[in-house]
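Colleague: predicted structure and sequence below. I'll ask about it afterward.
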Amino acid sequence: MCHQQHLDVLRRGVSYWNAWRTRRKRFDLSGADLSGCDLRGICFSDGNIEGVSLRDANLEGANLDRANMFGASLIEADLMWGNLSGVVLEFADLSGADLQMADLSDVCCDRACFA
């Protein structure tokens with residue numbers, strides 16, 4: 001379950017979030033609905049974003065390194081130039097997602113949908 005405090009920090013904007021993340025390693029946004037959000041350059045590394053909805057979100061240049069995105073909805077998400085190295089994308093839906101130039105090294109994508 002998403003920690004409300006973490007969601008409140010994110011709502012203050014990407015710059016504020018990234019500064020907050022330099023002081024805090026772990027966070028939990030699991031199950032949050034971030035559909036359509038502009039999250040360009042966000043740092044979600046090492047976090048729990050399991051089951052999060054990022055439908056139509058702009059994650060261009062985002063750092064998702066080692067994030068848990070099990071069952072996440074990334075339909076039509078812009079992940080161009082994103083760092084997804086080591087991300088858990090099992091059962092995630094990436095239908096129509098833009099993965100151009102994204103780093104997908106060591107991604108676990110068992111049963112993920114890329115249609």
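Modeller: Now that the structure is in, tell me what you want to look at. Numbers count the residues shown, from 1 in each chain.
Colleague: what count of nearby residues applies to R55?
Modeller: R55 has 20 neighbours, counted by other CB atoms under 10 Å. To be clear about C-beta, it is placed using only N, CA and C from the backbone, and glycine gets the same treatment.
Colleague: just to be sure, it is in a helix?
Modeller: No: R55: not assigned to a helix; according to DSSP: H, G, I helix; E, B strand; the rest coil it is coil.
Colleague: next, it: phi, psi?
Modeller: phi -60, psi 130 (degrees, to the nearest 10).
Colleague: from D110, how far off is it?
Modeller: Per CB to CB, to the nearest Å, R55 is found 21 Å from D110.
Colleague: swap in G41?
Modeller: Taking CB to CB, one finds G41 at 28 Å from D110.
Colleague: ok, G51 next?
Modeller: Relative to D110, and taking CB to CB, G51 is found at 16 Å.
Colleague: okay, the two: which has more neighbours?
Modeller: When G51 and D110 are compared for neighbours, G51 comes out ahead with 19 against 10, by other CB under 10 Å.
Colleague: go ahead and list the helix or strand containing the more buried one.
Modeller: Per DSSP states H and E: G51 is located in neither a helix nor a strand.
Colleague: list the buried residues of the longest helix along the chain.
Modeller: Identified as the longest helix of the chain according to DSSP state H is helix 14-23. Neighbour counts over helix 14-23 (16 or more other CB atoms under 10 Å) mark V14, W17, R21 as buried.
Colleague: what sits up against it?
Modeller: V9, L10, F27, D38, L39, R40, G41, I42, C43 (CB atoms under 8 Å, 6 or more residues apart in numbering).
Colleague: now it: mean pLDDT?
Modeller: Throughout helix 14-23, pLDDT has a mean value of 95.
Colleague: how long is stretch 97-111 from one end to the other?
Modeller: 16 Å (CA to CA, to the nearest Å).
Colleague: distance between that stretch and the chain's centre?
Modeller: Relative to its chain's centre, stretch 97-111 lies at 12 Å (CA atoms, centre = their mean, to the nearest Å).
Colleague: quick one: buried residues of that stretch?
Modeller: A97, D98, L99, A102, D103, V107, C109.
Colleague: cheers, nothing more for now.
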